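> Quick check, what structure comes out for this input:
(2 chains)
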There are 2 protein chains.
Amino acid sequence: MAQASSNGNQRPRVVIIGAGFAGLRVIEGLRKAPVDILVIDRNNYHGFWPLLYQVATSILEPQQVVEPVRSIIRQARNARFVQATVEAIDREQHQVITDRGTFPYDELVIAAGSTSNFFGLEEIKEHGFELKDMPDAMALRNHMISCFEQAVLETDPECLDQWLTVVIVGGGPTGVELAGAIAELIRNDFRNDYPTIDFSKVRVVLVEAMDRVLLTFPPELSQKAQQALTDLGVELRFGTQVVGYKDQKLHFKDGTSMSARTVVWTAGVQANPLGKTLGVSLQRGGRVPITPELHLPEDPNVWVIGDMAYLEGKDGKPYPQLATTAMQQGRLVARNILHKLKGERLERYRYVDRGTMAIIGRHAAVARIWNVNWTGPIAWLIWLLVHLFYLISFRDRVMVLVNWIYNYFTQERGARAVVAPRRMTTAQLEAAVAEPSRADPTAATQT
Amino acid sequence: MAQASSNGNQRPRVVIIGAGFAGLRVIEGLRKAPVDILVIDRNNYHGFWPLLYQVATSILEPQQVVEPVRSIIRQARNARFVQATVEAIDREQHQVITDRGTFPYDELVIAAGSTSNFFGLEEIKEHGFELKDMPDAMALRNHMISCFEQAVLETDPECLDQWLTVVIVGGGPTGVELAGAIAELIRNDFRNDYPTIDFSKVRVVLVEAMDRVLLTFPPELSQKAQQALTDLGVELRFGTQVVGYKDQKLHFKDGTSMSARTVVWTAGVQANPLGKTLGVSLQRGGRVPITPELHLPEDPNVWVIGDMAYLEGKDGKPYPQLATTAMQQGRLVARNILHKLKGERLERYRYVDRGTMAIIGRHAAVARIWNVNWTGPIAWLIWLLVHLFYLISFRDRVMVLVNWIYNYFTQERGARAVVAPRRMTTAQLEAAVAEPSRADPTAATQT
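This next block holds a predicted model:
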């Protein structure tokens, strides 16, 4: 490799940005390779986000769906971790610029995921909620409980409506799963917790711009999901587009509006804006076009995978932004880097459809696996087992299972306390104002 | 009762301020009584603070040591809850003034606990940490982990010392338990997590103004505790008083100083300042003097218990500010209110010593129970069992036990991710600026 020489006698430096599903698979695939891995993430943990909605709805606790990156890389002796926010990629100088210094690379794997796409609706970005990251889920949990605490003493009917209305925008899997879980939280826990509240005033509304939920699923499954949501008391609004959110009022394109203190936006994602610093032209949603070998067409040392990547399948459609895609691409990048080291030919990415599923509530889920539709308790059980299986650590599996069993039998959710740290850490504050020059970028990659 | 008539035909209104150990025992004792109970707390949960240090040191998760007040009062059909911050007591008008309105009472139980006493050291209050409440524990946990993340890239030796030094001020049970747990966290987890850090530079220092830790224990037990702390690598500094903390430097009375980013203050408590609004003269530490029947000498309708109360035993010393005292007093106030309702004579408080204990680490604890000294693995096991037993809910017991067992066998702590909500809840922000007049104080007490 040409790059190896730029590094003296050292082994090639592989920098991985992002410890999500994609990044983790790269680490796993390279943990015995003769390379030095540096993992960079703005958080000190990997998040298992398919269960994030359960944190937002008081079923699970934050630490049960995340795993410290340092725990994970203990199995990879060639890997180091730096908690930092990446600001730009300097492809000419082969380095990653972060808020904590600059890190050189020989091979760069960019797997920084996606963020919410508010399509310019700044008011929702500022006053609404989203569900992309742990801080979102914790804020949403605390907020929903606090709204009911406020409602207890509210005498103004208009204000009461605001406290008691939850609107979820977007009928994709995240929106559907969250709507179902919120409806159950209210039906089971809140109904017991707040005996003085008139629950006929409580509303959970799912708003979708198209004419059905779960657009990527077969229509029969959308029907089933909609039935399950309606059974839980969720109001469905189709063909409805949100145009604004001001003074606790959500405004729709048709001129109507709805009072709500809680608006959760799940109606769109965009690639991490880091792609903009690559100096290549981007695809829709800010996704970075890559070759079937998963690197930039003009730069074989820069690999882009997961939600950030744009690669079309045979049908001319881009591969979906799913955990499955991210994991498959992560594994392939690791193999391709190994191929490169050995002077072998690179493999091309081939998407393997592992199916899709969404859970709505107790005994209710829909799944499309092996071209078969699954619904009801069977789909629900499959969903639980698959998610339990994919959790990263044994401890998390045990804790989640205990919580689920407890929740199943008591129908009571344990994590209903509104808790938050007193303040940001001094270190975080420090990091926010620190001069990047203070940090020594080589320290982390030295053994 | 005279007050009952002021309330028309309704039952006497008992307002309980604080859902701590004391408040909970009052609810329990009155749950079948012909009274209307209103519980007011600024949080929506009861905290089991003897395990708080385990949250600060990544062993347990926040929700495992707290229980929503609304879960607890489900067993008391005559009880209502309002999450509010009490600002003052108006004894003339018989009402409690909060940030969410004014609530009338016939009997008032004040059990609002204590806060840290910084003895005027504002710099420590602002830049240091404490361990009185959940937000403290979460902030300390996040901070300690972030300090090590910062240390990884630090090249300035002076700054490195700051990131890697933890000072605990105060050698009481909280200080001792926290110092031991932090030392273990560093020895076991951090040593594995941060292979590039030079651990000879890491310091955990326990500072005590007197000449031994655990002053309320027999000197032999202090010795044992000190030995256990030293074995874990904790530096002990006796006869040392802190006089200031500036620019990451802790200054002592003897003129010496120590660089540290993490300073935890456990060296003093004072009664909740609410006592100042009662219009009575207070005792040391802001404690409210009460009669042996546990009410204000001049006002038999206002009961003050737990950490806030000042009552001397036969030896002329005030009863200790312990969970035991709080629970005993809570139970007695409930009984005395019942006696009053029946026109019976009130009982006087009699402190029953249930013993004291402190855990230092794995297999190491000291306890003084039934006038016997217990140390080593036996004391450690007693400590674990007693704390497990006193946890409020079955769920918490299961989760804590699973965590302890996991921790015991793997020596790895699960809760090492730095997590925090994105922001304060809209409701919290709202509450902070809300006009008290908006809330209807009677809504909460109506059935």
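
> so where do the helices sit in chain A?
Secondary structure of chain A (DSSP state H): helices at A:2-5, A:21-30, A:52-56, A:69-72, A:122-127, A:134-152, A:157-164, A:173-184, A:191-193, A:219-231, A:323-341, A:376-390, A:394-410, A:426-433.

> Now for the residue of the stretch 201-350 of chain A found nearest chain B, how many residues are close by?
In the stretch 201-350 of chain A, no residue comes nearer to chain B than residue A:261, which is 6.0 Å away by Cβ to the nearest Cβ. All C-beta spots, glycine's among them, are computed from the backbone N, C-alpha and C. Counted with other Cβ atoms under 10 Å in any protein chain shown, residues neighbouring residue A:261 total 24.

> what's the answer for residue A:92, then?
Neighbours around residue A:92, by other Cβ under 10 Å: 7.

> Find the nearest non-adjacent residue to the residue nearest the centre of chain A, please.
In chain A, the centroid-proximal residue (Cα atoms, centre = their mean) is residue A:132; its distance is 4.3 Å. Distances taken as Cβ to Cβ, 6 or more residues apart in numbering or on different chains place residue A:116 nearest to residue A:132, at 5.6 Å, with adjacent residues excluded.

> Skipping its backbone neighbours, what lies nearest residue A:281 in space?
Using Cβ to Cβ, 6+ apart, the nearest residue to residue A:281 is residue A:289, at 7.6 Å.

> what sits opposite that neighbour in the beta ladder?
residue A:310 (DSSP bridges).

> Whichever residue of the stretch 251-400 of chain A sits closest to chain B - nearest residue in space that isn't next to it in sequence?
Closest to chain B within the stretch 251-400 of chain A is residue A:395: 5.1 Å, counting by Cβ to the nearest Cβ. In space, and not counting its chain neighbours, residue A:395 is closest to residue B:414: 5.1 Å by Cβ to Cβ, 6+ apart.

> which ones are touching residue A:129?
A:136, A:139, A:140, A:143, A:262, A:263, A:264, A:265 (Cβ atoms under 8 Å, 6 or more residues apart in numbering or on different chains).

> How about the residues of the stretch 101-250 of chain A by chain B?
Contact residues, the stretch 101-250 of chain A versus chain B (Cβ under 8 Å from any Cβ of the partner chain): A:101, A:127, A:133-136, A:138-139, A:141-143, A:145-147, A:149-150, A:152-156, A:159, A:163, A:192-194, A:196.

> residue contacts, the nearest residue to residue A:212 once chain neighbours are set aside?
Leaving aside its chain neighbours, residue A:212 sits nearest to residue A:222 (4.2 Å; criterion: Cβ to Cβ, 6+ apart). Residues in contact with residue A:222, defined by Cβ under 8 Å, 6+ apart, are A:212, A:213, A:214, A:215, A:366.

> Near the nearest residue to the last one once chain neighbours are set aside, how many other residues are there?
For residue A:366, the nearest residue in space outside its immediate sequence neighbours is residue A:221; the separation is 4.2 Å by Cβ to Cβ, 6+ apart. The burial metric for residue A:221, expressed as a neighbour count using other Cβ under 10 Å, is 24.

> so who does residue A:221 touch?
Counting by Cβ under 8 Å, 6+ apart, residue A:221 makes contact with A:214, A:366, A:367, A:368, A:373, A:375.

> can you check residue A:59 too?
Listed by Cβ under 8 Å, 6+ apart, the contact partners of residue A:59 are A:181, A:403, A:404, A:407, A:413, A:414, A:415.

> Flag the least confident of the residues you listed.
Of all the contacts of residue A:59, residue A:414 has the smallest pLDDT value, namely 86.

> All the strands of the stretch 201-350 of chain A, in order from the start?
A:203-207, A:234-237, A:242-246, A:249-252, A:257-259, A:262-265, A:269-271, A:288-289, A:295-296, A:299-304, A:309-310 (DSSP state E, counting those that start in this stretch).

> could you give the angle of the third one to strand A:203-207?
Note on geometry: by axes from the mean of the first three to the mean of the last three Cα atoms, to 10 degrees, strand A:242-246 and strand A:203-207 are set 140 degrees apart in direction.

> How far does strand A:242-246 sit from its chain's centre?
How far strand A:242-246 lies from its chain's middle: 24 Å, per Cα atoms, centre = their mean, to the nearest Å.

> what does the first one give?
Once both centres are worked out by Cα atoms, centre = their mean, strand A:203-207 turns out to sit 22 Å from its chain's centre.

> Excluding its own residues, what touches that strand? List them.
So strand A:203-207 is contacted by A:164-171, A:175-176, A:179, A:182-183, A:186, A:213, A:229, A:232-237, A:240, A:242, A:252, A:258, A:260 (Cβ under 8 Å, 6+ apart).

> Who does residue A:303 form a beta bridge with?
Applying DSSP bridges, one finds that residue A:303 bridges with residue A:109, residue A:295.

> so how far is residue A:112 from it?
12 Å (Cβ to Cβ, to the nearest Å).

> How about residue A:93?
19 Å.

> Which one of those two is surrounded by more residues?
residue A:112 (27 against 11).

> Can you check the pLDDT for the more buried one?
Note for residue A:112: predicted pLDDT of 98.

> picking up where we left off before, identify whichever of the helices of chain A lies nearest to residue A:285.
Minimum separation from residue A:285 across the helices of chain A (Cβ to Cβ) falls at helix A:323-341, 14.0 Å.

> That closest one relative to helix A:21-30, how many degrees between them?
Angle of helix A:323-341 versus helix A:21-30, following the same axes, to 10 degrees, is 40 degrees.

> List the buried residues of helix A:323-341.
Neighbour counts using 16 or more other Cβ atoms under 10 Å in any protein chain shown place A:323-338, A:340-341 of helix A:323-341 among the buried residues.

> next one: stretch A:254-273
A:258-272.

> give me every residue that touches residue A:124.
Taking Cβ under 8 Å, 6+ apart as the test, what residue A:124 contacts is A:118, A:169, A:242, A:245, A:263, A:265.

> Likewise for residue A:276?
Per Cβ under 8 Å, 6+ apart, neighbours of residue A:276: A:282, A:286.

> before we move on, back to that, list buried members of the contacts of strand A:203-207 by neighbour count.
Here, 16+ other Cβ under 10 Å leaves A:164-171, A:175-176, A:179, A:182-183, A:186, A:213, A:229, A:232, A:234-237, A:240, A:242, A:252, A:258, A:260 buried among these.

> Number of residues surrounding residue A:161?
19.

> So it sits against residue A:259, correct?
Yes - Residue A:161 lies in contact with residue A:259 (Cβ atoms under 8 Å); the separation is 4.8 Å.

> Need the distance between the two termini of stretch A:341-355.
34 Å (Cα to Cα, to the nearest Å).

> what comes up buried for that stretch?
Judged by neighbour count (16+ other Cβ under 10 Å), stretch A:341-355 contains these buried residues: A:341, A:346, A:349.
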